[in-house]
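S.K.: Pasted the sequence and its predicted model underneath.
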Amino acid sequence: MLISRRVMIASVATAAAAHALPAMAQKKYDTGASDKEIVFGHTGPYSGPASAYGTIGKAIQAYVAKVNDDGGVNGRKLKMITYDDGYSPPKMVEMVRRLVEQDEVLFLFNTLGTPTNTAIHKYVNAKKVPHLFVATGATKWGDPKNFPWTMGWQPNYQTEGKIYAQYILDNKPDAKIGILYQNDDYGKDYLHGFEEGLGEKGRKLIVSKLSYEVTDPTIDSQIVSLKGSGADTFFNITTPKFAAQAIRKSADIEWKPLHFLNNVSASVGSVLTPAGLDKSVGIITALYAKDPTDPQWANDKGYQDWLAWMNKYYPEGDKKDTFNVFGYNVAYTLVAALKQAGDNLTRENVMKQAASLKNLEVPMLLPGIKVSTSATDFYPIEQEQLAKFNGKVFELFGKVYGN
Amino acid sequence: MTSNQAAAPLATPLAKPATSWVTTGIFIAVLFALPYLLPVVLPELEGIITLKANFMIFQFTLVIIYAIAILGLNIVTGYSGQISLGHGAFYAIGAYTAAVLMDKLDVPYWATVPVSGALCMVVGFLFGLPALRLTGHYLALATFALALAVPQLLKYKHIEWLTGGVQGIVILKPDAPFGIKFMNADQWLYYFCLFVACIMFWLAMNLIRGRFGRAMIAIRDHPIAAEAMGVNNAMVKSMAFGISAAYTGVAGALGAIAIAFVAPDSFTVFLSISFLVGLVIGGLASISGAIFGAIFIQFVPNIADSISKAAPWAIYGMFLIAAVYVMPTGAAGLVRRLRG
């Protein structure tokens, strides 16, 4: 009996040891990862025509500093290598090749811009380098079948277009819709989603559909003909400068449609203020993140944490700038995916974990909006909530749209 | 850029052909050996600098491409004395020609290069005919307008089916031909560009030393005297502009193949300015100067970026001022002076 018990203990111990071994061996690393750190690459337009977005890269860096001060991710420090791409596709190709081939990063994160990311899309997928949470809303970043190494983050333009369509069908089924869109992939993406959301029947509600070139000096004539078409609902797919012109012009000619403004231009500071706050009352947009200037978040834990982080790690940053919220949120998402990856820091697993985020709550996203991905769903944020401008801020109303 | 200053250096390469041929030969040999030297040399430097061979080869490919473009600009600005701020436009046209041919018509990449050159030559010549009636600063402004216009024209609605609009065109990067195993795509592309560059430099040298080159220089130094000697000023200037545009177009085509993507945002005014910077840094009216200029515009922005993220262009500016101060006749001028 005694012997057999000893044998049993020994065999249990051996079994335990045998179990422990594979657990040790599960520490797997690809280039850029080690026991001490995780090296990842980023490029952003710190100079050039889109340098307003440069602050996103700085915010991400500030967030990385905070994560490292708090002990890193699973005991590993994050190391971010970031280069200036000047929003130029050739420069982007050069810098991304430098990150992948010379700096040997584990993955690329939040590289910014639609043309720039298009330039490296094939390359990163051929090299099998995770290309995570890119900073552009184009729909093509969620195509796991053809591009399994690239993933977007923010709600894509088509999703947003569908939300407005849904709202119109629910609340104003007899609308006469006029559309103004920028003639490029961004404008067409919105338009496509909107028309798809309206469906076969709803599409008949569209009475006028006009476009403009980003190079046009004004869009006054388009606004006049939209009014002339008898439209009582206006979907305004324009970038900030044109959005402000559209709001002002329609007020000037006393055209007062139900006005939907795309999220791209939903900025009180840079669009509604120059257009005239009184002229902007009633404009509806879709939001997914908390606006740092909105007083309703003053006592919100997520906002207070964000503010404390801004004060400590990025004091020179503009606290009114929504891009600093963007950088914070997207970096938060990344850290969540890396935590999930545990000690298996191969490129394959990083991609797999990024594609298995389940109902992740991100502190500066609107309540109820969660980040979810799967092997077939490479669109992390697909929910937005409508908000109406009341003369001071965008006031959220209604349900959270999307799935 | 007074005419006297630029004229003097030209005499040197003509006076010492023997040594210049030897150095040129060594230089080309080194360039050809580079993809095989780098993997040998770089591990030796491990720890001092960490550079990976393939990426370096890609960067040197860009250097070669820029050198061809700068050489083109040198023909019109350095030798025939016309300031152009618009060569980025020809670079864009060359790049788009190559991309469209490869994307829409499945033309092999190597065949797009001469087509791009020829098309840019025609466009450059036609643009040159009226524009070159303008002189000096006025021509600079007219070409500047061209550089501003082209990226926007590429987005034009009615040619979007061809150019891909703002989205641009993604093309496939060529692999080494005949199933060559010992060369990867980057190395092959490097040799391909180097081969094209050798031809372009050889042609330029012959052009400059021939009748046409003398006519250009004569026009630059004294247009009235040139005319009196029977040089058809308008024709020579337009042709010089056309040839120059062809060089830049060839460079653009190679650039498109190397980057494997074209988009209007790739060809901003800044590209044209970069070429001019490379030209002045390398040395006006100097063939070898184009290489130094290309090295400058390829590497110095990266160095500046690594020194300061906050103000990389301020650092770049300091480098630029220092370079102009130390080498008033460009890098090529400095080399000549050192040689005595």
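M.R.: Arrived safely.
S.K.: Only C-alpha atoms from now on, for both contacts and neighbour counts.
M.R.: Fine.
S.K.: how about the strands in the stretch 101-250 of chain A?
M.R.: A:107-109, A:131-132, A:177-182, A:206-212, A:233-237 (DSSP state E, counting those that start in this stretch).
S.K.: ugh, wrong one, I meant the stretch 51-200 of chain B
M.R.: So, for the stretch 51-200 of chain B - with DSSP E, counting those that start in this stretch - the strands run B:169-170.
S.K.: Alongside chain A, which residues does it contribute?
M.R.: B:Leu51, B:Lys52, B:Asn54, B:Phe55, B:Gln59, B:Gln152, B:Lys157, B:Gly165, B:Val166, B:Gln167, B:Gly168, B:Val170 (C-alpha under 8 Å from any C-alpha of the partner chain).
S.K.: quick one, what contacts B:Asn74?
M.R.: With contact set as C-alpha atoms under 8 Å, 6 or more residues apart in numbering or on different chains, B:Asn74 has these partners: B:Ser244, B:Leu279, B:Leu284, B:Ala285, B:Ser286, B:Ile287, B:Ala290.
S.K.: was I right about the fifth one contacting B:Ala332?
M.R.: Right, the one you point to is B:Ser286. Yes. B:Ser286 lies in contact with B:Ala332 (C-alpha atoms under 8 Å); the separation is 6.6 Å.
S.K.: if we can go back for a sec, put together CSV for the strands of the stretch 101-250 of chain A, with mean neighbour count, mean pLDDT and distance to chain B on each row.
M.R.: Shown next, in CSV, are those (neighbours: other C-alpha atoms under 10 Å in any protein chain shown; pLDDT from 0 to 100; distance: least, C-alpha to the nearest C-alpha, whole Å):
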stretch, mean neighbour count, mean pLDDT, distance to chain B
strand A:107-109, 25, 96, 17
strand A:131-132, 26, 96, 18
strand A:177-182, 23, 94, 11
strand A:206-212, 17, 93, 10
strand A:233-237, 25, 95, 16
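S.K.: and those as JSON lines, adding distance to B:Glu227?
M.R.: JSON lines is the format used below for those (distance: least, C-alpha to C-alpha, whole Å):
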{"stretch": "strand A:107-109", "distance to B:Glu227": "60"}
{"stretch": "strand A:131-132", "distance to B:Glu227": "61"}
{"stretch": "strand A:177-182", "distance to B:Glu227": "52"}
{"stretch": "strand A:206-212", "distance to B:Glu227": "50"}
{"stretch": "strand A:233-237", "distance to B:Glu227": "58"}
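S.K.: I'd like to know which of these lies nearest to A:Ile381.
M.R.: strand A:131-132 (13.4 Å; C-alpha to C-alpha).
S.K.: contact partners of the closest one?
M.R.: By C-alpha under 8 Å, 6+ apart, strand A:131-132 touches A:Phe107, A:Leu108, A:Phe109, A:Asn110, A:Val124, A:Trp149, A:Thr150, A:Met151, A:Gly152, A:Met351, A:Ala354.
S.K.: how about 10 Å then?
M.R.: Strand A:131-132 is contacted from outside by A:41-42, A:106-111, A:117, A:120-121, A:124-125, A:141, A:147-153, A:330, A:334, A:350-351, A:354-355, A:378, using C-alpha atoms under 10 Å, 6 or more residues apart in numbering or on different chains.
S.K.: What ranges in the stretch 151-300 of chain B fall below the confidence cut-off?
M.R.: The model of the stretch 151-300 of chain B has pLDDT under 70 over residues B:179-182.
S.K.: all helices for it, in order.
M.R.: B:160-163, B:185-209, B:211-221, B:223-228, B:233-259, B:269-282, B:289-307 (DSSP state H, counting those that start in this stretch).
S.K.: quick one on the thing from earlier: so which of the residues of the stretch 51-200 of chain B next to chain A wins on neighbours?
M.R.: The most crowded member of those, judged by other C-alpha atoms under 10 Å in any protein chain shown, is B:Gly168 (25 neighbours).
S.K.: Averaged pLDDT, stretch A:240-249. What do you get?
M.R.: For stretch A:240-249, mean pLDDT is 91.
S.K.: Closest to B:Leu34 out of the residues of the stretch 51-200 of chain B next to chain A?
M.R.: Of all these, the one with the least separation from B:Leu34 (C-alpha to C-alpha) is B:Asn54, at 11.0 Å.
S.K.: Could you list the domains of chain A?
M.R.: A:37-155+A:297-384, A:157-287 (automatic domain parsing).
S.K.: Now render the helices of the stretch 151-300 of chain B as TSV, adding mean neighbour count.
M.R.: Formatted as TSV, the helices of the stretch 151-300 of chain B follow (neighbours: other C-alpha atoms under 10 Å in any protein chain shown):
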stretch	mean neighbour count
helix B:160-163	17
helix B:185-209	18
helix B:211-221	21
helix B:223-228	14
helix B:233-259	27
helix B:269-282	25
helix B:289-307	21
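S.K.: looking at those, which is closest to B:Thr112?
M.R.: B:Thr112 sits nearest to helix B:233-259 of all those, at 7.0 Å, using C-alpha to C-alpha.
S.K.: Return the distance of the closest one from the chain's centre.
M.R.: 9 Å (C-alpha atoms, centre = their mean, to the nearest Å).
S.K.: what do you get for stretch B:209-216?
M.R.: On C-alpha atoms, centre = their mean, the centre of stretch B:209-216 falls 20 Å from the chain's centre.
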